[in-house]
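Novice: Need a 3D model of the sequence below.
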Amino acid sequence: MALRGVNAWSKFSYGRRIDTPNGCLLNPEGSRLIFFERCKKSPQNSIKIFTHIFYTNHLGEPAGFKSTRKIRVEEAWEEWDDLQELG
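Specialist: Next up is the predicted model:
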């Protein structure tokens with residue numbers, strides 16, 4: 001779009017979910033914690049999410065590292081929603 005001879009581009013997204021799941025979810029037993037984090041090096045058109053799984057102590061705090069996965073943002077949202085439905 002040209003505006004008085006200056007190129008102006010909008011940064012709006014139409015019909016696309018650009019937000020990402022971000023934060024931690026604790027399982028109902030309190031034994032594991034899953035942390036969702038956006039991969040900062042992934043391009044905007046192919047967003048990737050890291051999921052880090054930790055073992056927890058009796059207070060629900062991270063006590064040991066279990067694993068990490070790198071997944072597409074759509075898969076991360078599905079997993080986030082499924083985990084919240086399960087409690």
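
Novice: Could you use CA atoms for every contact and neighbour count after this?
Specialist: Noted.

Novice: can you list the weak-confidence ranges in this structure?
Specialist: Residue ranges of the chain with pLDDT under 70: 1-18.

Novice: Which elements pack onto the longest strand that it contains?
Specialist: Assignment by DSSP state E gives strand 62-72 as the longest strand of the chain. When contacts are defined as 3 or more Cα pairs under 8 Å, 6 or more residues apart in numbering; DSSP states H and E, strand 62-72 packs onto strand 48-56.

Novice: Counting by contacts, list what the strand it packs on packs against.
Specialist: Where contact means 3+ Cα pairs under 8 Å, 6+ apart, strand 48-56 is packed against strand 32-38, strand 62-72, helix 73-86.

Novice: Alpha carbons of it, as CSV, please.
Specialist: Output of strand 48-56 as CSV, limited to C-alpha atoms (Å, rounded to 0.1, in the frame of the first residue of the first chain):
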residue,chain,number,x,y,z
LYS,A,48,7.8,-24.2,16.2
ILE,A,49,7.2,-24.7,20.0
PHE,A,50,9.5,-26.4,22.5
THR,A,51,7.8,-28.6,25.1
HIS,A,52,10.0,-29.3,28.1
ILE,A,53,8.8,-32.0,30.5
PHE,A,54,10.1,-31.9,34.1
TYR,A,55,9.7,-34.2,37.1
THR,A,56,8.4,-32.3,40.1
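
Novice: what's next to it, contact-wise?
Specialist: Contacts with strand 48-56, where a contact means Cα atoms under 8 Å, 6 or more residues apart in numbering, come from 20, 30-39, 42, 62-73, 76.

Novice: same thing but at 10 Å, please
Specialist: Strand 48-56 is contacted from outside by 20-27, 30-42, 61-77, 79, using Cα atoms under 10 Å, 6 or more residues apart in numbering.
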